[in-house]
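A.B. asks: sequence and computational prediction follow.
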Amino acid sequence: MKEGKNHITVFEHQTLRVGSGTKALSEDQLKALQQYYGNGSPFFSLCHKGVKFNEHVGVIQIGKTVIEVLPKADADAGSESEETKWRNILIGMLKAVGSFNIKTTSESHLKTRSNTILDLYIEILIKELEYLLHIGLVKKYRRTEGNCNALKGSLVFNKQITQNLTHQERFYVRHTTYDTTHHLHCILYKALLLVKQINTSHLLQSRIGSLLLDFPEMPDIHVSQSSFDKIILSRKTQTYQKALEISRLLLLQYHPDLAHGRNHVLALMFDMNKLWEAFVYRSLLKNKDAGTTIKPQRSISFWKQDSGQISKIRPDIIITKNKESFVLDTKWKLVSGAGPSVEDLRQMFVYHEYCAAKKVALVYPGGSEKITGGFFAQFKNDGKQHRHCSIIKLSVPTLSDSKAVSIIKWKQKIREFLEEWQNKSE
């Protein structure tokens, strides 16, 4: 683990406890995490005077302290160089699956070498807001009412009498205003204020300050999931999409400390199993043959009760090539020398049968590319039939190859290796 005054780095499945030294949590931080866990956090579990992280990786910020949880698929010690490697790999995987998909700005400007994921999302939001200010904020019509020195719109007689009886120079009117004060900008301004509060990077402080000076001040609103559900972007507001996506991520994952006001909690966490599945899927899509179809996780009806309720199975990736099917099930974990678990093998046998697959495989990250496996033995009246299940290990980039630019090469190696597996005769 690498620790600093306001930064703690751990790997998935590691534990942080209250104690002495820079490696430990404070009592207040542990209480904040315990309270956050009580709200239904799936990112860690509680243990004696601490928390134990699971397969979720990313960033949890408590007050000004950032806990960075990195993935790990090897047995090497958690040195600072290993942390750099896995941080770059995580950021590269997130970019590859679209979590850092930037439509209006360039990824080349992001300072990915030293930043955490939280810093990257903050910087993307800053760049999006800078871009929106550069092209000009969209104006909308809104209905307002209040006292004016000139008569415009319609006069509200009951309030004119109650409020302006002694001020005959004023008019209480209801009228239409065309300006930048509307729902989209209220959300973005609230996100900007949150970013000012949670930012720990001195490189971004001045840019946040400049945005607060240039962005028009908006009324405070309560933001919930419904605030984003009712947004419908038009041709004029399509450029707001990325800024709104990041604002949604930050605002809905922020849990303020209402009791003490110091240990606010913000969690930007990702399930490594889902990320690994999406990354392998994206790797296979790149430059695929015209006659090959690749489908991501989808439900297949498996069992139906008399009551009508249907149980389903969900293979991760189904490849169809020359009318033959191949099923991949991705697992982000280290497979031991004893091989995969019985539950995983039973799952693959069901996929083999229901998808009428030529081959099935469990896909793990590993130190080097390797294909092993075994056979499902099924006895029938006409004799013994063998169906093969492969165990595929896909190597992860080394420290020298773990920069974002080499993620492209990693995706290419994954695609070529899995294509070789498909074409290989058993």
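C.D. replies: Done, it's in.
A.B. asks: quick check: longest helix of this protein.
C.D. replies: helix 117-135 (DSSP state H).
A.B. asks: could I get the average pLDDT for stretch 194-201?
C.D. replies: On average, the pLDDT along stretch 194-201 is 89.
A.B. asks: with only the CA atoms kept, save that stretch in CSV.
C.D. replies: Extracted C-alpha coordinates of stretch 194-201, given in CSV (Å, rounded to 0.1, in the frame of the first residue of the first chain):
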residue,chain,number,x,y,z
LEU,A,194,-19.5,19.9,-5.3
VAL,A,195,-16.3,19.6,-7.3
LYS,A,196,-14.9,22.7,-5.6
GLN,A,197,-15.6,21.0,-2.2
ILE,A,198,-14.2,17.5,-3.0
ASN,A,199,-11.2,18.4,-5.2
THR,A,200,-7.8,17.5,-3.7
SER,A,201,-5.7,18.3,-6.7
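A.B. asks: go through it and flag the buried ones.
C.D. replies: Buried residues in stretch 194-201, counted by 16 or more other C-beta atoms under 10 Å: 194, 195, 198, 199, 200, 201. Any C-beta I mention is one placed from the backbone N, CA and C, and that applies to glycine too.
A.B. asks: so which residues make contact with it?
C.D. replies: 6-7, 61, 64, 66, 115, 118-119, 122, 125-126, 205, 208-209, 212, 250-251, 254, 264, 266 (C-beta atoms under 8 Å, 6 or more residues apart in numbering).
A.B. asks: before we move on, the earlier item: now secondary structure too, for the buried residues of stretch 194-201, in CSV please.
C.D. replies: Shown next, in CSV, are the buried residues of stretch 194-201 (DSSP: H, G, I helix; E, B strand; the rest coil):
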residue, secondary structure
194, helix
195, helix
198, helix
199, coil
200, coil
201, coil
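A.B. asks: how many neighbours does the nearest residue to residue 358 once chain neighbours are set aside have?
C.D. replies: Leaving out its chain neighbours, the residue that sits closest to residue 358 by C-beta to C-beta, 6 or more residues apart in numbering is residue 324, at 4.5 Å. For residue 324, the neighbour count with other C-beta atoms under 10 Å is 12.
A.B. asks: report the beta-bridge partner residues of residue 324.
C.D. replies: residue 321 (DSSP bridges).
A.B. asks: report the separation between it and residue 291.
C.D. replies: Using C-beta to C-beta, to the nearest Å, residue 324 is found at 11 Å from residue 291.
A.B. asks: can you list the weak-confidence ranges in the stretch 151-300 of the chain?
C.D. replies: 257-262, 299-300 (pLDDT under 70).
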